[in-house]
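Novice: need a 3D model of the sequence below.
(chains A and B)
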Amino acid sequence: MRVERVISDENDSFPVGMRVLAVDDDPTCLLLLETLLTKCKYNVTTTSQAITALKMLRENKNKFDLVISDVHMPDMDGFKLLELVGLEMDLPVIMLSANGDTKLVMKGITHGACDYLLKPVRIEELQNIWQHVIRRKKFDRKDQDGSGSQDKPYIDSSEAAGLGNVDQNGKFNKKRKDQNEDEDEERDENGHDNEDLSTQKKPRVVWSVELHRKFVAAVNQLGVEKAVPKKILELMNVENLTRENVASHLQKFRLYLKRISCVANQQANMAAALGSVDSTHLRMGTMNGLGNFHTLAGPDQIHNAAFRSFQHSGVLRRLNTPAGVGISGLPSSGLVQLSPVQNLGNTSTYQRKLQSFVIPGNHNANILQGMPMSLEFDQLQNNRAASHVGQFPSVDNTTVLPVSSISGSLIDAGCSNSPLLGVTSNSLLLEGSSQLPTLHASNLRDSVSGFPNRSTLSDFTSIAPASNQLHGSKADIQDQAFPISCNAGKIISSAPQDWNAPKKDAPYQSNVPSCSINSLRAVNGDMAQLGQCLDQNNPIFNRNVGFDFVDPLSIKCSEGENLAMEPSVIEKEGYLMVQPSRQGIYIPDNEGENFAMEPSVIEKEGYLIVQPRRQGSYIPGNLGSLEDLASAMTKQDHDKGKPTDGDFGYNDYSLRTCI
Amino acid sequence: MERNPMRRQLASMRKSLFDQGYLDEQFMELEQLLDDANPNFVEEVVTLYYRDSARLILNLDRALERRPLDFSKLDGLMHQFKGSSSSIGAKKVKAESTLFREYCKSGNAEGCMRTFQQLKKEYATLRKKLETYFQLARQIGPMESANRPK
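Specialist: Numbering: from 1, shown residues only, chains lettered A, B, ... in the order given. Below you'll find the model as predicted:
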């Protein structure tokens, strides 16, 4: 129980004392807002930075009832924050802006804002914002079970750090009697949790990163389109989670996926998380199968070949499964956009794009920035899909999100920016959750064959998106995988350097790697060898080991540098991580970019994180032949013998699974 | 009492600010927030506004010196400035910002520069007037301020 909640006078005299978190970079407006809110008798906390706000919210989910945020902020896009908050904490968020364009308002709505106010804001408007809190609670309650009795606070609190907090969550959900901390831990109760709950009021469930990751994993496993709450619930095996919780979350996730996929579709490049060098986000559009491969093939013939072959691979099909291949998951911030596989073809851009594939969820928008990720990816990817990873460079807040959210796109993380992979899970979450979720689940499943144990979803958020992206990108990945494999190392190691940071966000990274891996596989044709390399790695991926995404090994994706990708896929936490171990495989991309990417895929938390490690090896022979790459990789693999987890269920998907 | 003429003066000053279009209803909203706990709230906000917006003005100046002009950046900066200005009810300043943004959108460099000069003028004028206003208000006393007619 939340003690804090108990004392809060919320229950007694709500809306008096309602705890609001106000975020606005403009001090004048912030002061005004604070005063107005105080006048309404709310309990106000202010901050001028979105990142700080997120931190505060994450520290204690139950600390706030409502968030009001400006749209235009320097450190992070307001919409991104909105998504993250919605996904992670499930708190109502009100957007604030001086700009009342219909488009912006619509954007706010699609991102989940429960209201959109124009500046200067009047006190009358603020006097009624408490309705959003009540509404959400009621809705959640109803959602869960109809037993509404409980009031809010419980729910949020789950400090759900991940599944670990399930207990807490369980508490809230409390199916059985009142929420007690001693909710049974048994997970197996999942299934019937719902049923039990009906009578109890269910506190609102907080979808922590861990939880979300699990969710995405489950969805991926079932197939985004076929995922039904009941089954997801069973798969997730989380206590005190009701079917209704899952249902509403699934709904949000699907919306998110849809949103991403729309964006992704536009992006021809589906940089399978390879992290295009460019900051452009890897956009992984719905992976319509290998369609993108073709596009990817663009600049690089080899890649093309790879892709082509990729297309054939069944993997691609998988990719398509996810509803709309949401991989574009990152779309929201535009960071990670998985452009439909078809887009992969955009050769020129693709290459660059890859980088961002895995956009590190970190709120450090910079995460992506640093990542040239997907050096190789770019080439292959051609898609902007790589936005995720690549996004970093352009990361400006938004990017951050993509990464995390884009679980799918992570794959591109070619850029070592950990951010991508780890992408602040938040971002991924956001991205992923909304849209990717479905994708994600399936993606995850597909991609990571061995993913079954997705560890807590905490990173899920990041993964989720990534997964989705992966998923979606699966197709892309496949295609992209090629690039990845071609790049030998381009593997999505988006191992964002910042991974460390984002760690908690969820190793988005994995996403990236997985993508690459998959693609590698896909490359059956030319890359056969490469695929092998990957395969080796894949096993790693398949493991859903919750990997703690290790800080992305400084994926040094730098354009122009040899891509040093060490494919070592480490599956952690269910994330498929391809970790290129030592030697960088230089995959000459046609564009002449050499990414020094050490793709080391570390699967963390179920994310496929490809962390490009040191750079350096130049893979002889132009990429022109994937074989070279493949062999290079293979060699590496052999040499390295990396894959930490041996059981990669290396399958076509395995690579993808990161997410 | 000697306060009366001052109060009258204050009231008329205030009225003219509104009549002449320097301030809009938002300023009144701010005034409504004055209370015992925040007797100088309006002044505080305005002071904060001028302090913070000085930075924006500086950035805008710099951005306008570059060639070629980066309209999207200018637009972004002005958007922020507009948000602040509207929060205190600076009507004329806000109008100039809107105009400036229009010029940005249409890529009219000359229009932007011209408008910006005008904006700075209005901004400075308002500042002076408000400073005088607050000075007088302080002389009269916080209670008076709080009881200012709306």
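
Novice: count of residues packed around the residue in chain A that chain B sits nearest to?
Specialist: Proximity of chain A to chain B (C-beta to the nearest C-beta) peaks at A:Ala98, 3.6 Å away. Where you see a C-beta, it was placed from the backbone N, CA and C, and this is true even at glycine. For A:Ala98, the neighbour count with other C-beta atoms under 10 Å in any protein chain shown is 24.

Novice: please name every helix or strand in contact with the lengthiest helix in chain A.
Specialist: Counting by DSSP state H, the longest helix found in chain A is helix A:243-266. Judged by 3 or more C-beta pairs under 8 Å, 6 or more residues apart in numbering or on different chains; DSSP states H and E, helix A:243-266 is in contact with helix A:130-144, helix A:190-197, helix A:209-222, helix A:229-236, helix A:434, helix A:436-447, helix A:458-476.

Novice: give the rounded mean pLDDT of the fifth one.
Specialist: Think helix A:434. For helix A:434, the mean pLDDT works out to 38.

Novice: please, which helix or strand holds residue 51?
Specialist: Defaulting to chain A. helix A:50-59 (DSSP states H and E).

Novice: my question was about chain B, not that one.
Specialist: helix B:41-65.

Novice: same question for B:Arg101.
Specialist: Going by DSSP H and E, B:Arg101 is part of helix B:91-106.

Novice: next SSE downstream of that helix?
Specialist: Defined by DSSP H and E, the subsequent element after helix B:91-106 is helix B:109-140.

Novice: what's the angle between that following helix and helix B:91-106?
Specialist: Angle, helix B:109-140 to helix B:91-106, by axes from the mean of the first three to the mean of the last three C-alpha atoms, to 10 degrees: 160 degrees.

Novice: buried set for helix B:109-140?
Specialist: Neighbour-count burial for helix B:109-140, counted by 16 or more other C-beta atoms under 10 Å in any protein chain shown, picks out B:112, B:115-116, B:118-119, B:122-123, B:126-127, B:129-130, B:133-134, B:136-137, B:140.

Novice: swap in stretch A:251-260?
Specialist: Buried positions in stretch A:251-260, judged by neighbour count with 16+ other C-beta under 10 Å: A:252-260.

Novice: likewise for stretch A:116-135?
Specialist: Residues of stretch A:116-135 classed as buried: A:116-121, A:126-127, A:129-130, A:132-134 (neighbour count, 16+ other C-beta under 10 Å).

Novice: now the end-to-end length of that stretch.
Specialist: Terminal residues of stretch A:116-135 lie 16 Å apart, using C-alpha to C-alpha, to the nearest Å.

Novice: and it, anywhere near chain B?
Specialist: Yes - using C-beta under 8 Å from any C-beta of the partner chain, stretch A:116-135 reaches chain B at A:119-120, A:122-123.

Novice: and A:Phe139, how many residues sit next to it?
Specialist: Neighbours of A:Phe139 using other C-beta under 10 Å come to 14.

Novice: meant to ask about B:Arg8
Specialist: Number of residues near B:Arg8 (other C-beta under 10 Å) recorded here: 10.

Novice: for the helix or strand hosting it, buried residues please.
Specialist: Counting by DSSP H and E, the element that carries B:Arg8 is helix B:3-19. For helix B:3-19, burial by neighbour count (16+ other C-beta under 10 Å) applies to B:6-7, B:10, B:14, B:17.

Novice: I'd like to know which of these is nearest to chain A.
Specialist: Distances from chain A to these, taken by C-beta to the nearest C-beta, are shortest for B:Leu17, at 16.8 Å.

Novice: these two touch, right, that closest one and B:Leu23?
Specialist: Yes - at 4.8 Å, B:Leu17 counts as touching B:Leu23 under the criterion of C-beta atoms under 8 Å.

Novice: quick revisit: and of the buried residues of helix B:3-19, the nearest to A:Phe215?
Specialist: B:Leu17 (56.2 Å; C-beta to C-beta).

Novice: wait, what's in contact with that closest one?
Specialist: Residues counted as contacts of B:Leu17 (C-beta atoms under 8 Å, 6 or more residues apart in numbering or on different chains) are B:23, B:27, B:129-130, B:133.

Novice: skipping adjacent residues, who's closest to residue 49 in space?
Specialist: You didn't say which chain, so I picked chain A. Nearest non-adjacent residue to A:Gln49, counting by C-beta to C-beta, 6 or more residues apart in numbering or on different chains: A:Asp75, 5.3 Å away.

Novice: try again with chain B
Specialist: A:Thr28 (4.3 Å).

Novice: and the pLDDT at that neighbour?
Specialist: As predicted, A:Thr28 sits at a pLDDT of 91.

Novice: following the helix or strand where it lies, which helix or strand comes up?
Specialist: Taking DSSP H and E as the definition, one finds A:Thr28 inside helix A:27-39. Following the chain from helix A:27-39 toward its C-terminal end, the next helix or strand by DSSP H and E is strand A:43-47.

Novice: who does that following strand pair up with?
Specialist: Take DSSP bridges as the rule and strand A:43-47 pairs in its sheet with strand A:19-23 (parallel).

Novice: how about the contacts made by residue 96?
Specialist: Went with chain A since none was named. Contact partners of A:Leu96, counting by C-beta under 8 Å, 6+ apart, are A:24, A:29, A:33, A:68-71, A:78, A:116-119, A:121.

Novice: not quite, I wanted chain B
Specialist: So B:Glu96 contacts B:115-116, B:118-119, B:122 (C-beta under 8 Å, 6+ apart).

Novice: rewinding a little: which ones among the residues of stretch A:116-135 next to chain B lie within helices?
Specialist: Under the assignment DSSP H, the residues of stretch A:116-135 next to chain B contribute A:Ile123 to helices.

Novice: could I get the contacts of B:Glu96 as JSON lines with distance to A:Asn245?
Specialist: Below are the contacts of B:Glu96 laid out as JSON lines (distance: C-beta to C-beta, whole Å):
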{"residue": "B:Thr115", "distance to A:Asn245": "53"}
{"residue": "B:Phe116", "distance to A:Asn245": "53"}
{"residue": "B:Gln118", "distance to A:Asn245": "56"}
{"residue": "B:Leu119", "distance to A:Asn245": "51"}
{"residue": "B:Glu122", "distance to A:Asn245": "54"}
